[in-house]
Every structure is written in C-alpha cells, then in structure tokens.
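Visitor: next comes the sequence, and after it the predicted model I'd like to discuss.
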Amino acid sequence: MVKSKKMTKKQKAAAAARKSKGSVKNMVRRAADTLAAPVAFWSQLTQKDYEVLNASPQYHALDYLGKLKVAANILTGSLTGKVAFSDQYNPSPDGNPRINPAGVINKWTGIGIAAKIYGKVGKAMKLPEQAAIGRIGSKLIFGGAVGGFFDPPSAQGRVSTYAVTPNVMVQNRATTSRSYGVSRRNRGFVPLDSFDYSTGSAFR
C-alpha cells in the first residue's frame, strides 16, 4: 500500500496561491460574462442622450434621485415612447419609440465580432480564454445591437434638447423668492401696497 506524500509548507502555499488565482480569474470571468450585454446595451442606448444632458447645467444641478428619474425616462422613452416621469427629461418628445435600424452597427457590435473571431481562431490555435472571450463577444453583439436599434440617429436629431426640468425651475424660483423675502425683512422693507393712507401707517 502506497502512502501519499505529505505536502510541505512551500507546496501548500503554492497550491493555495494557484487556487486563489484561479478563483479571482473565475470571478472576473463570471462578472464579464454577466455584465457584457447590459453594459453594451445601456452605453449604446444612452450615449447621445448624455451628450446633450452633460452639456446642461440644469442636469448637473439635479440630485441623485433626479438623475435616476432621467435614466428611467431614457429607458422607457426610447423603447416605448412614454416616459415614467413627466417632469424630467424626455428623450422621445413625439411620443414614439426611437427606431434606428442603422444603429445596430456600432462600436459594441464591432468589438463583439472581433471577440467572436478570436474565439473561433483561438479554438483552432488553442489560444488562452478563447471560449470565454467568444461567449462575451456574443453578448456584446446582442447588447450593442439592441441598444443601437433604439438610440437616436444623432445627438442633435431625435433627442429632445429639453434638459431643463420643471421641478428644478420651480425649486430655483422658490429659493430665490425665499431669499428675497428674508432680505426684505432684514432691511425692514415695507412694500408700497402695504401703506395705509387712512392712518398714515405702514400697518393696516
């Protein structure tokens, strides 16, 4: 009966390092496999919208909730023509879904095709990670094509440049009014229409 050799400390450390490295690689591979399609879809769908929005001081003034509402509007407005929040940015002001067949050919589908080619060639040449890269390529093609189909032809085309949200304007006016009111009280300001001519007093 052959007894198995006990591993030395050095061998155990090397085995643990290999296991840890493999575990990290698997985590990265799974993350890339899971996120490839959603990232390609969202990036392609929203790129031209954010070109407009990022040039707007009103968009930058929104809080996180406001920006989440804008993101929701881009998603629902692009795909259905209807926005979830009427007081925020509307990417489809004509009420119709954004349809752009030419948009299916974009950078994400190009990257995906290149990854698929690597996967095919890599299988024959036994290149590293060829199977994983091929799978990710398929997901990039799908996500990029769907996002491109619903993106606008150009940032100046079917994207509404209406980036000033009504609630921000109302908030700004209210803030200005409050500040003005406080400054009037601090100076003892008396409006003209508050003067009582019968008593000669500023108080009625």
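Guide: All right, it came through fine. Note that the structure is predicted; figures quoted are calculated from it, not measured.
Visitor: pLDDT weak spots in this structure?
Guide: 1-7, 9-22, 155-204 (pLDDT under 70).
Visitor: how about 50 then?
Guide: 157-176, 189-204 (pLDDT under 50).
Visitor: and the helices in it?
Guide: Under the criterion DSSP state H, the chain contains helices at 9-53, 57-61, 64-80, 107-125, 130-149, 166-187.
Visitor: any idea which of these is most buried?
Guide: helix 130-149 (a mean of 21; mean count of other CB atoms under 10 Å). Every residue, glycine included, has its C-beta placed from N, CA and C.
Visitor: ok, residues contacting that helix?
Guide: 29, 32-33, 36-45, 99-101, 103-109, 111-123 (CB atoms under 8 Å, 6 or more residues apart in numbering).
Visitor: reformat the helices of the chain into a markdown table and put distance to residue 88 next to each item.
Guide: Shown next, in a markdown table, are the helices of the chain (distance: least, CB to CB, whole Å):
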| stretch | distance to residue 88 |
| --- | --- |
| helix 9-53 | 11 |
| helix 57-61 | 10 |
| helix 64-80 | 5 |
| helix 107-125 | 26 |
| helix 130-149 | 21 |
| helix 166-187 | 8 |
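Visitor: and the nearest residue in space to residue 76 that is not next to it in sequence, what is it in contact with?
Guide: Spatially, and ignoring its direct neighbours in sequence, residue 76 is nearest to residue 84 (5.0 Å; CB to CB, 6 or more residues apart in numbering). Residue 84 makes contacts with 69, 72-73, 76, as judged by CB under 8 Å, 6+ apart.
Visitor: gap between residue 84 and residue 152?
Guide: According to CB to CB, to the nearest Å, residue 84 and residue 152 sit 19 Å apart.
Visitor: can you give me the distance of residue 59 to residue 44?
Guide: On the measure of CB to CB, residue 59 and residue 44 end up 20 Å apart.
Visitor: and for residue 143?
Guide: 8 Å.
Visitor: what is in contact with those two at once?
Guide: Joint contacts of residue 143 and residue 44 (CB under 8 Å, 6+ apart) are residue 108.
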